[in-house]
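1. would you be able to build a 3D model of this:
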Amino acid sequence: MSPQPPPQWGPAPERPQDRRGWFARHRLLTVLLAVTTGLVILGVLGSLGGQDSTAPPPATKAKAKAVTDSGRLPGVGEPARDGKFEFTVTRLQPGVGHIGGAYGQDAQGQFYLVHMTVKNIGDRARTFDGADQKLIDRNGSKYSADTAAAIHLDGSDSFLQQINPGNAVDGIVVFDVPKNADPVRIELHDSLFSGGTTVDLTRRR
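-> Residues are numbered from 1 along each chain as shown. You can find the predicted model right below:
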C-alpha cells in the first residue's frame, strides 16, 4: 500500500471565482430584458410619431344632391337618380286624415302621400324602403316616412320592396305631418347611407 498523504489542517482551498459578468451568467434573463426594452422604445417612438401625424377626418355622410342640366332641382314628373335607383315623383296627395279602411290608421296631423315610380338602374336586385325617404317643409323641418301607416295602404309598395335590374314599381310613401305643414321638397335615397337626391315638390313638369 502506498502511504497516505498527511492531513492538511489549513483553510480549504478557494474555488475559482466565475469572473463573467451578471449578463453573461444570466443569458435568458438578458434576452428577455433586451426584448422588453426594445418593445418599450418602439411604443414610445410610435406614440410620438402619432402625435405629429395628422389623422384623416372621419367619413361623413354625403349631402343630398341632384340637379338637372339647367342647374335646378328636378320637379314632379322629372326623373332623379341616387345610387342604383331612378325616382320619378308622379303625384302628391296631401290632407289625408285616415288610410286603410275600418282597420286602418288615423293621422296624428295629416297624411301626405307621395306617389312615385322607382326603377332599378343597376345590375342586381335592390331593396327599396320608404323609411329611407325624408320630406322637407318650407321651414326646413324633416319628416320621416310612416311605414306602419303605409302597410294599411293598398298598393303602397314602399316597405322593403325588392326590385330586379331594369324593373320599376309604382309606390306610395306616406308621411304623417302637422296639418299646417307645407312640404316643398323630398329627399330620396336608394339606401339608408346614400347621398340622396332632392326633388322640388313645388315644380311640376
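2. quick one, domains of this structure?
-> The chain breaks down into these domains under automatic domain parsing: 22-46, 75-204.
3. looking at the ones you listed, which one is packed in the most?
-> Burial of the domains of the chain is given as mean neighbour count (mean count of other Cβ atoms under 10 Å); domain 75-204 ranks first at a mean of 17. (Glycine included, C-beta is placed from N, CA and C.)
4. mean confidence (pLDDT) on it, please.
-> Here domain 75-204 scores 94 as its mean pLDDT.
5. so Arg203 belongs to a helix, correct?
-> No. Looking at Arg203 with DSSP: H, G, I helix; E, B strand; the rest coil, it is strand, so not inside a helix.
6. quick one, what contacts it?
-> Arg203 makes contact with 72-73, 75-76, according to Cβ atoms under 8 Å, 6 or more residues apart in numbering.
7. what about the helices in the chain?
-> All helices of the chain, identified by DSSP state H, fall at 22-25, 27-52, 147-151.
8. so which of the contacts of Arg203 are in strands?
-> Of the positions in these, 75-76 sit in strands, assigned by DSSP state E.
9. can I get the contacts of Arg203 in JSON lines with distance to Lys84?
-> Shown next, in JSON lines, are these (distance: Cβ to Cβ, whole Å):
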{"residue": "Arg72", "distance to Lys84": "24"}
{"residue": "Leu73", "distance to Lys84": "21"}
{"residue": "Gly75", "distance to Lys84": "22"}
{"residue": "Val76", "distance to Lys84": "22"}
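10. closest one of the contacts of Arg203 to Ile136?
-> Within those, proximity to Ile136 (Cβ to Cβ) peaks at Leu73, which comes in at 11.3 Å.
11. number of nearby residues for the closest one?
-> Applying other Cβ atoms under 10 Å, we find 18 residues neighbouring Leu73.
12. how much space between it and Asp82?
-> Counting by Cβ to Cβ, to the nearest Å, the separation of Leu73 from Asp82 is 13 Å.
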